[in-house]
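Peer 1: Next input, structure requested:
(chains A and B)
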Amino acid sequence: MAARKKKHSFYDFSLVSIIVFMLCFGLVMLYSTTSYEAQLQGVSPTRFLRSHIFGVILGLMGMFFISLIDYHRWQKWTFLAYLGSMVLILLVLTPLGRSAKGATRWIYIGSLSFQPAEFAKIATILLMAYLIQRNTKHMKNIPTMLRILVFIVPIAVLIKVVTNNLSSAIIVAGIAVIMIFVATPRYDIFVIAAVLGSAAIALFLYKLDWFMELSDSFRLGRVSAWLDPESDPTDKGFQILQGLYAIGSGGLFGKGLGNSVQKLSFLPESQNDMIFAVICEELGLFGACSVILMFLFMLWRFMVIANNAPDLYGSMLVIGVMAHIAIQVILNIAVVTNTIPNTGITLPFISYGGTSALFVTTEMGLVLNVSRQIKIEY
Amino acid sequence: MQRTKTNNRKKTILFLFVVFAVFMVLAGRLVYLIGFRGDYYSEKAEELHERERSIKAARGEIYDAKGVLIATNRTVCTISVIHSQITDPERVIRVLSEELGMTEEAVRKKVEKVSSRERVKSNVDKEIGDRIREYDLAGVKVDEDFKRYYPFDSLASKVLGFTGSDNQGIIGLEVIYEEYLKGTDGQILTVTDARGVELINTAEKRIDPIAGNSLHISLDVNIQKYAEQAAAKVLEQKQAKAVSVILMNPQNGEIYAMVNLPEFNLNEPYTLNIETEGTLSSEEKQNLLNQMWRNRAINDTYEPGSTFKIITMSAALEEGVVSPEDTFSCPGFKIVEDRKIRCHKVAGHGAENFVQGAMNSCNPVFIEVGLRLGIEKYYEYFNQFGLLSKTGIDLPGEAGTIMHKVDNMGLVELATVSFGQSFQISPIQLLTTVSSLVNGGRRITPHFGVDVRNSEGEITEVFTYETKENILSEKTSETVRYILEKVVSEGSGKNAYLPGFRIGGKTATSEKLPRSLKKYISSFIGIAPMDNPQIIGIVIIDEPVGIYYGGTIAAPVMKEIFENVLPYLGIEQIYDEGEQEYEVETVMMPVLEGMTVKDAKALIQENSFELRLLGEGDWVVEQFPLAGSEVSANSTVILYLEEGEE
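Peer 2: Numbers count the residues shown, from 1 in each chain, chains lettered A, B, ... in the order given. Below is the predicted model:
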């Protein structure tokens, strides 16, 4: 009885605190980044902050609510979510869809905007956890792994083709691959895939000139802007370069909170994809590394929960969330520091965007519920 | 329910480890970007954020020998507009076009141009600038600035020079001493957002401008004015094309005055000082401006004529091929090889010694002396006296000497060079060389620049100039001085004689090329006092109308200048007995023009004037000295005659 009582009282408060802390830190950075822009647009300096807070509060309530619902219940909703996510993506093509910055990624219902790709990520996690749990015994078979993976292909393709959102497609595929990697006892094909992938990238970079001649597409332009942002400082290299200016001018401890100059319309998307650059400028190397450490701490908590989950399904849900956060943080920081070519990815918990905050906190609710069911045996 | 297996846990840990490794790589990347590239990027970022406005440094002032300010700065305003800050463009356009006297279209173009800052007009009077500031128009900036200002307008215009809109010297001393005068511009750095709006609460970085150093020159405003007045008088009287006067200290090369009439207004350097017909193309106008800005005393060469006999005289005396007592005979010409070279006195001067030959400015005497020297020797002295190189004066564009090559020189060329023809030198070169010959044989560098002082008035640099000793022996120099004094006291330079002062000099009348045009340059070199020369001057009258003899029209100009300048320089009059009574007798020149020769002669009979008649006819059409001028009673009066109408 005592043990049972203990089980029910477990709630990963350190994870809750880090989530709340990150969300609050995000609000502070957002206010710092958006207030000037808001004033220039002639609206209240807290205009953007308020719309984000709305998403955050909604998300926190959702997180709390979901953390109370037994995660096993989601199993029967898996295929509905799977199909629903694809329908939502296709809805973008209807009059409900809205375009911004050359891509149609949002659907509007009344005044609420919403990115179907965000929902697709959760759907992917639910679907993968369900399928893996169903095929546990065959997880070492390559055909099984491929069969599971095939389910993800339509989502990824739809995201890429319909919403022209390569980064979300990569994240969805990445989540699926990582979940399979954890679920299968095999290493060999991942090692082979990693080696082949690295070789392909190396060959691509080595033969870059040849590829450039072959096609002068949008993304190849990004690649050359990545290799030398100063070769095209006013167009393709502009955002990267402005981000680097922000990072470089931060120094060890930064210019101080609120003192970024690059956020004053110099750095495009400073409140979104590039918010990490503003963190670097205002809080310096110290602040930036602290943020990285906080994410690392959060991922460590996920690992602890995953490894202690009552069953494989719960564990896989947490692994999925963990993969999602890890991929997104890594890609975001890598883009901002110009480690990889530019692709639009937000920094979870911190970047501006109500939908993003809402879905990320929802995922946290899932994880928290898994943690609640951990049986600690003394 | 499936349980989590050990291998799943291991894989989770492995995944976290990989994530950790990637995080470390990214953190390393951050360390690289901030630690190693940080300086570069933050510098770039600052360049991007900072709008710099330069604060013009006040250009150094120029002072004359007595400390009189002759070039300074006046505050003017630059009006500019900042597109993004303009709230009422129509009002801005209206006000600016009214106040600045610009067309609305021109202002509109500036106002509507999308740029961070657009200059509408610079060099606007401070008054107008202040008035525009009072309108308090959003987006209109009035910046104070400096503009060069010359208090004496046209005084020594071609010497001082002027500056362009960027405050950089364009001609004259302003160019040569640019480096000292220009100063270092300051900067105001303000941080702005991407729209160019200045941020409040950011520290404004200000780098104060460093004013240029002031230049002190040897030119003396009073002496310059004396010279300018005398030159202006003769320019008008003789309707000459141009008159140049240089006054210099022959001991050290300091130039006291340099007049080049017509001068131009330094505060309006782009306004022509002559009337022009019709509209000029910009090229034509530029040519005329270049002509107007030209310093003829430095930039142009001419055939020096008889003043050059001083050089021939010095060389011959130094070489010992002639002594003052040597006698010559002038039949009015001299035949050199197959050429008959005439003396200006057609009848000839008859028997005369060398000193008398100089006093008469007798060409055959100097041809003879030149021939005695020979081509080689003459050329050697020509070079030794420094005539082949430039003087090194601190003004831009000094003209070099145009001289025969020694190999191409025959006896005819030697003969003509001996009395100052068939080659060309600049006036400053002639004056510098003569200075060096009368100062005891020390070749000096003519110059204006004396020293440079900083804003506290401390001398930061004193200019030194090259001198070359012993280009002539002191003994020869003394003989030359003696002869030149004789030229003024008793010879052709008589009209420069001032009682009580020991003045020496030499006249010249050069016929311009081509000779058929019958255009002349009259000149006179004067030196005083001859026992210890303190001042040397040259007067050059270009294309005088009517009487053109140097001794007649140029020498009196020098006399008039010396009359004022010698006392000014503290050179005292010392009379000998003869001169005392001489001094008493000055008379007012009566009006002779329009009279018959007979009447004129009768009128001036009572005075001991020496009368010279030029031209043929019964009517006096021109007289010299002019009516109303005060002259000594034994002056030479020249009357220019023409056939009467009747």
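Peer 1: ok, the nearest residue to B:P544 once chain neighbours are set aside to chain A distance?
Peer 2: What sits nearest to B:P544 in space, not counting adjacent residues and going by C-beta to C-beta, 6 or more residues apart in numbering or on different chains, is B:K238, at 3.7 Å. C-beta coordinates here come from the backbone N, C-alpha and C atoms, glycine included. Computed as C-beta to the nearest C-beta, to the nearest Å, the B:K238 to chain A distance reads 68 Å.
Peer 1: same deal with B:V140?
Peer 2: Taking C-beta to the nearest C-beta as the measure, B:V140 falls 22 Å from chain A.
Peer 1: what comes up buried for stretch B:420-440?
Peer 2: B:420-440 (16 or more other C-beta atoms under 10 Å in any protein chain shown).
Peer 1: ok, now stretch B:163-170?
Peer 2: Buried residues in stretch B:163-170 (16+ other C-beta under 10 Å): B:T163, B:N167, B:G169, B:I170.
Peer 1: repeat for stretch B:77-96
Peer 2: B:77-83, B:85-86, B:89, B:92-93, B:95-96.
Peer 1: pLDDT score for the residue of the stretch 101-250 of chain A found nearest chain B?
Peer 2: In the stretch 101-250 of chain A, no residue comes nearer to chain B than A:G248, which is 2.3 Å away by C-beta to the nearest C-beta. Residue-level confidence at A:G248 comes out at 89, pLDDT.
Peer 1: and the residue lying closest to it once chain neighbours are set aside, how far is that from A:L252?
Peer 2: Leaving aside its chain neighbours, A:G248 sits nearest to B:Y41 (2.3 Å; criterion: C-beta to C-beta, 6+ apart). Distance of B:Y41 to A:L252, computed by C-beta to C-beta, to the nearest Å: 14 Å.
Peer 1: out of these two, which sits in the busier spot?
Peer 2: Higher neighbour count among B:Y41 and A:L252: B:Y41, with 20 against 11, using other C-beta atoms under 10 Å in any protein chain shown.
Peer 1: I'd say the more buried one and A:L244 touch.
Peer 2: Yes - between B:Y41 and A:L244 there is a contact under C-beta atoms under 8 Å: 5.4 Å.
Peer 1: What values do phi and psi take at A:S51?
Peer 2: Phi and psi for A:S51, reported as degrees, to the nearest 10, are phi -70, psi -30.
Peer 1: likewise B:R339?
Peer 2: Backbone geometry at B:R339, expressed as degrees, to the nearest 10, gives phi -110, psi 140.
Peer 1: got the contact list for it?
Peer 2: Shown in contact with B:R339 (C-beta atoms under 8 Å, 6 or more residues apart in numbering or on different chains): B:V412, B:A415.
Peer 1: Also the one 5 residues further on?
Peer 2: Contact partners of B:H344, counting by C-beta under 8 Å, 6+ apart, are B:S361, B:N363, B:T509.
Peer 1: Now intersect the residues you listed with the strands, please.
Peer 2: Counting by DSSP state E, these place B:T509 in strands.
Peer 1: and which of the contacts of B:H344 is nearest B:L219?
Peer 2: Using C-beta to C-beta, B:T509 comes nearest to B:L219 of the contacts of B:H344, at 28.8 Å.
Peer 1: count of neighbours near that closest one?
Peer 2: Counted with other C-beta under 10 Å, residues neighbouring B:T509 total 25.
Peer 1: Next one: it, what pLDDT does it get?
Peer 2: On the pLDDT scale, B:T509 is placed at 90.
Peer 1: now it, which residues is it bridged with?
Peer 2: B:S522 (DSSP bridges).
Peer 1: Now do it against B:S435, distance only.
Peer 2: 22 Å.
Peer 1: Name the SS class of A:H324, please.
Peer 2: helix (DSSP: H, G, I helix; E, B strand; the rest coil).
Peer 1: was I right about it contacting A:A123?
Peer 2: No - using C-beta under 8 Å, A:H324 makes no contact with A:A123, being 11.7 Å away.
Peer 1: Can you name the element that comes right after the least confident helix or strand in chain A by mean pLDDT?
Peer 2: Ranking every helix and strand in chain A by mean pLDDT, DSSP states H and E puts helix A:2-9 at the bottom, with a mean of 48. Counting by DSSP states H and E, the next helix or strand C-terminal to helix A:2-9 is helix A:13-40.
Peer 1: Give me the contact status of that next one with chain B.
Peer 2: Yes - using C-beta under 8 Å from any C-beta of the partner chain, helix A:13-40 reaches chain B at A:Y36, A:L40.
Peer 1: Show me which positions of that helix end up buried.
Peer 2: Buried residues in helix A:13-40, counted by 16+ other C-beta under 10 Å: A:15-16, A:18-20, A:22-23, A:25-27, A:29-38.
Peer 1: Below-threshold pLDDT in the stretch 201-350 of chain A: ranges please.
Peer 2: A:212-221, A:234 (pLDDT under 70).
Peer 1: Helices of that one, residue ranges please.
Peer 2: Here the stretch 201-350 of chain A has its helices, by DSSP state H, counting those that start in this stretch, at A:208-214, A:218-227, A:238-248, A:275-308, A:312-336.
Peer 1: Tell me what angle the last one forms with helix A:275-308.
Peer 2: In this case it means helix A:312-336. Relative orientation of helix A:312-336 versus helix A:275-308 (axes from the mean of the first three to the mean of the last three C-alpha atoms, to 10 degrees): 160 degrees.
Peer 1: Give the other helices and strands that helix A:312-336 contacts.
Peer 2: Applying 3 or more C-beta pairs under 8 Å, 6 or more residues apart in numbering or on different chains; DSSP states H and E, one finds that helix A:312-336 contacts helix A:116-134, helix A:166-183, helix A:275-308, helix A:354-372, helix B:6-31.
Peer 1: hmm, try it at 10 Å
Peer 2: Contact here means 3 or more C-beta pairs under 10 Å, 6 or more residues apart in numbering or on different chains; DSSP states H and E; on that basis helix A:312-336 packs against helix A:116-134, helix A:166-183, helix A:238-248, helix A:275-308, helix A:354-372, helix B:6-31.
Peer 1: How about the contacts made by the most centrally placed residue in chain B?
Peer 2: Closest to where the C-alpha atoms of chain B average out (C-alpha atoms, centre = their mean) is B:V159, at 2.7 Å. Residues counted as contacts of B:V159 (C-beta atoms under 10 Å, 6 or more residues apart in numbering or on different chains) are B:70, B:171-174, B:217, B:219, B:224, B:246, B:255, B:257-260, B:263, B:295, B:297-298, B:394-395, B:448.
Peer 1: Show only the entries of the residues you listed found in strands.
Peer 2: Filtering the contacts of B:V159 for strands - DSSP E - leaves B:I70, B:I217, B:I246, B:I255, B:A257, B:M258, B:V259, B:N260.
Peer 1: right, and the pair among these with maximum separation?
Peer 2: By the measure C-beta to C-beta, the ones in strands among the contacts of B:V159 have their two most distant members at B:I70 and B:I246, which lie 17.4 Å apart.
Peer 1: Quick check on those two: which one has the bigger neighbour count.
Peer 2: More neighbours surround B:I246 than the other of B:I70 and B:I246, with 26 against 22 (other C-beta under 10 Å).
Peer 1: so the more buried one touches B:P427, yeah?
Peer 2: Yes - between B:I246 and B:P427 there is a contact at 6.2 Å, judged by C-beta atoms under 10 Å.
Peer 1: Are there residues contacting both of those two? Which ones?
Peer 2: Common contacts of B:I246 and B:P427, defined by C-beta under 10 Å, 6+ apart, comprise B:M258, B:N260, B:A297, B:I298, B:I525, B:I538, B:V539, B:I540.
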